[in-house]
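1. Let's see this in three dimensions:
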Amino acid sequence: MTYKLQAERRVRRAIDALPQRDYLRIERAIDGLANEPRPRGTKKLRGGTPLWRLRVGEYRVIYAVFDRELIVKIVGVARRREDTYEV
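-> The predicted model follows:
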């Protein structure tokens, strides 16, 4: 069962602006979410939201999983040392 990947335009722009090495790692990790939306090492965020966090090197990918619709929606990508995410 494969999930459809969606990303908001601002998230796509943020990913496209990353250095090449980081861009490739994050793209590979995001592509992997289509087959396994909750890979080992992910954490569910608190607060009753459907959001999950995936660590990719110095970055965190914040995404939501909608199992009924088979959709993974990427809502944010930020460096781990930053305190806030645009979600």
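2. Would you map the strands across the chain?
-> 4-7, 43-44, 51-56, 59-66, 71-79 (DSSP state E).
3. could you redo these as CSV and give each row mean neighbour count and distance to residue 18?
-> C-beta here means a position set from N, CA and C on the backbone, and glycine is covered the same way. Output for these, formatted as CSV (neighbours: other CB atoms under 10 Å; distance: least, CB to CB, whole Å):
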stretch, mean neighbour count, distance to residue 18
strand 4-7, 15, 13
strand 43-44, 12, 22
strand 51-56, 18, 10
strand 59-66, 19, 8
strand 71-79, 19, 8
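4. which residues sit in contact with the nearest residue to residue 61 once chain neighbours are set aside?
-> Of all residues not flanking residue 61 in the chain, residue 54 sits nearest, at 4.5 Å (CB to CB, 6 or more residues apart in numbering). Residues near residue 54 by CB atoms under 8 Å, 6 or more residues apart in numbering: 29, 33, 39, 41-42, 60-61, 63.
5. what does residue 25 give?
-> Applying CB under 8 Å, 6+ apart to residue 25 gives the contacts 56-57.
6. ok, it to residue 10 distance?
-> 20 Å (CB to CB, to the nearest Å).
7. Show me the shaky parts of this structure.
-> By pLDDT under 70, the low-scoring segments of the chain are 82-87.
8. By residue count, tell me the biggest helix in it.
-> As assigned by DSSP state H, the longest helix anywhere in the chain is helix 20-32.
9. Figure out how far it is from the centre of its chain.
-> 10 Å (CA atoms, centre = their mean, to the nearest Å).
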